[in-house]
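K.L.:
model the following, please.
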Amino acid sequence: MAFFLETLFGGLMVGMLYALIALGFVLIFKASGVFNFAMGAMVLFAALAMARFSEWIPKWLGMEPGVLSIALALVVAMVIMVGVAWAIERFALRYLVNQEPIALLMATLGIAYFLDGLGPMIFGSAVYSINVGMPKDPMFVMESLFQGGVLISQEDLYAAGIAAVLVLVLSVFFQKTKTGRALRAVADDHQAAQSIGIPLSRIWVIVWSVAGCVALVVGIIWGSKLGVQYSLSLVALKALPVVILGGLTSVPGAIVGGLIIGVGEKLSEVYLGPYVGGGIETWFAYGLALCFLLFRPQGLFGDKIIDRV
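P.N.:
Here you go, the predicted model:
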């Protein structure tokens, strides 16, 4: 039972990170009506900025690396991601208002390739580390209930807590505020939203800025675990089955979908892996997403698809 709980908690913590990435996809989809293929590149770009400025700032200011230098690097990285959001709206999205969704989709692919090249060109292409002070040592809980207790990674626990708080804040902000209602109007019809006074350019900058900050948090968490390298851009691909499962238009769906995928990956690898030769964790999420596409394409919480003839 203790081993099952260890696996379950590990899956929930990873699932919360998946939910955070998926939330970035959902917000962009709500604002533009297209899937953002640039999310992975934004994660890598943000992580590179954080890693390099956390090294450069202490050298420039002649200070010891510590909490202050990390905070300054975080602020600089956030400003950079907001600048990236403004540049995306100014030089790409502004000219695609009322265009076909495929045009916006191709624009996100172009942005992804551009950021994949720009990041290593500015910050370097080596493998960098990010140390924000999260504890690395595991800890044991429930020792009174199970012999030896349940082993939990403190780093994963802190990361899941940060992700949960951010997901909660973003969910409330985009569902209960004026900006959230404007998002839904923009996603339905760009021209109609503009005609009633919704500033489309400002909405797009806000949403892409939020997605950039989400990418920064994800990049810091995964970068501290795996190192900042090109494979970070592939982490965001795990959010694709999450949004398919939860629904592309649903914030609660992104949260539930992330938790289901995270727990499903871990449990299937541990309990089904030995019977099929292992490796289930790498494809479980995509197999589950395929089943949902066949039987419930709108996802668990997505808007029902209506065919108009």
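K.L.:
next up, the contacts around V207.
P.N.:
Contact analysis of V207 by CB atoms under 8 Å, 6 or more residues apart in numbering lists L27, I28, K30, A31, S32, L183. To be clear about C-beta, it is placed using only N, CA and C from the backbone, and glycine gets the same treatment.
K.L.:
just put these in CSV and tack on neighbour count, secondary structure and distance to A51.
P.N.:
Shown next, in CSV, are those (neighbours: other CB atoms under 10 Å; DSSP: H, G, I helix; E, B strand; the rest coil; distance: CB to CB, whole Å):
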residue, neighbour count, secondary structure, distance to A51
L27, 24, helix, 25
I28, 26, helix, 24
K30, 23, helix, 30
A31, 26, helix, 29
S32, 26, helix, 29
L183, 24, helix, 31
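K.L.:
between the residues you listed, which is closest to G161?
P.N.:
L27 (21.3 Å; CB to CB).
K.L.:
now the closest one: how far from A182?
P.N.:
With distances taken as CB to CB, to the nearest Å, L27 is found 12 Å from A182.
K.L.:
could you do A163 as well?
P.N.:
26 Å.
K.L.:
go on, E89?
P.N.:
Taking CB to CB, one finds E89 at 15 Å from A182.
K.L.:
that older thread, between A163 and A182, which has more neighbouring residues?
P.N.:
Higher neighbour count among A163 and A182: A163, with 26 against 23, using other CB atoms under 10 Å.
K.L.:
return the residues in contact with the more buried one.
P.N.:
M16, L17, A19, L20, V217, I221.
K.L.:
so which strand or helix has it?
P.N.:
helix 154-176 (DSSP states H and E).
K.L.:
the helix or strand where W283 lies - contacts with which helices or strands?
P.N.:
Element membership for W283 (DSSP H and E) is helix 280-295. Judged by 3 or more CB pairs under 8 Å, 6 or more residues apart in numbering; DSSP states H and E, helix 280-295 is in contact with helix 239-246, helix 251-271.
K.L.:
give the contact list for the residue nearest to A51 when sequence neighbours are not counted.
P.N.:
Using CB to CB, 6 or more residues apart in numbering and skipping residues adjacent in sequence, the residue nearest A51 is Y128, 3.9 Å away. By CB under 8 Å, 6+ apart, Y128 lies in contact with L48, A51, R52, E55, G223, G227, V228, Q229.
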